[in-house]
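Peer 1: only the shape, not the letters, is given here:
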């Protein structure tokens, strides 16, 4: 089965753990290396809709790029546009299945979808 997509960073232990849990559940997910294959603004908006949250919920505030470019921005569309320029600020992993998505922090959150 490949009806699950994971926005994945292989250098991130939480992302690796979430991927392992998905595979242990019998899924062969589509692995989206989002730092190399940066999501478009439309894709980010779709992810937010599936997560049921605003852009603030998917930002990694400890990243230097967040502190330099995102910190004082309140406009949702501006934040989404910035994520296409600075994908490292995107929280990871994000797992999508159909019309639903979860942030895999903790990794066990994937059990909501698998």
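Peer 2: Yes, it's here. These numbers were taken from a predicted model, which means no experiment stands behind them.
Peer 1: where's the residue lying closest to residue 86 once chain neighbours are set aside, which helix or strand?
Peer 2: Of all residues not flanking residue 86 in the chain, residue 65 sits nearest, at 4.2 Å (CB to CB, 6 or more residues apart in numbering). Glycine gets a C-beta too; all of them are placed from N, C-alpha and C. Residue 65 is part of helix 64-65 when elements are defined by DSSP states H and E.
Peer 1: just checking, what packs against whatever helix or strand comes next after that helix?
Peer 2: Sequence-wise, the next helix or strand downstream of helix 64-65 (DSSP H and E) is helix 76-85. Other helices and strands packing on helix 76-85, by 3 or more CB pairs under 8 Å, 6 or more residues apart in numbering; DSSP states H and E, are helix 41-51.
Peer 1: next, the angle helix 76-85 makes with the helix it packs on.
Peer 2: Helix 41-51 runs at 110 degrees relative to helix 76-85, counting by axes from the mean of the first three to the mean of the last three CA atoms, to 10 degrees.
Peer 1: what's helix 41-51 in contact with?
Peer 2: With CB atoms under 8 Å, 6 or more residues apart in numbering as the test, helix 41-51 has contacts from 7, 39, 54-55, 57-58, 77, 80-81, 83-84, 90, 94, 96, 99-103.
Peer 1: what residues are up against residue 9?
Peer 2: 15, 33-35, 92-93.
Peer 1: export those residues to a markdown table and tack on secondary structure and pLDDT?
Peer 2: Listed next are these as a markdown table, based on DSSP: H, G, I helix; E, B strand; the rest coil; pLDDT from 0 to 100:
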| residue | secondary structure | pLDDT |
| --- | --- | --- |
| 15 | helix | 97 |
| 33 | strand | 98 |
| 34 | coil | 98 |
| 35 | coil | 97 |
| 92 | coil | 96 |
| 93 | coil | 97 |
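Peer 1: what's the farthest-apart pair in those?
Peer 2: Of all pairs drawn from the contacts of residue 9, the widest gap by CB to CB lies between 35 and 93 and measures 12.0 Å.
Peer 1: these two: who's more crowded?
Peer 2: Comparing residue 35 with residue 93 by other CB atoms under 10 Å, the one with more neighbours is residue 93, at 28 against 15.
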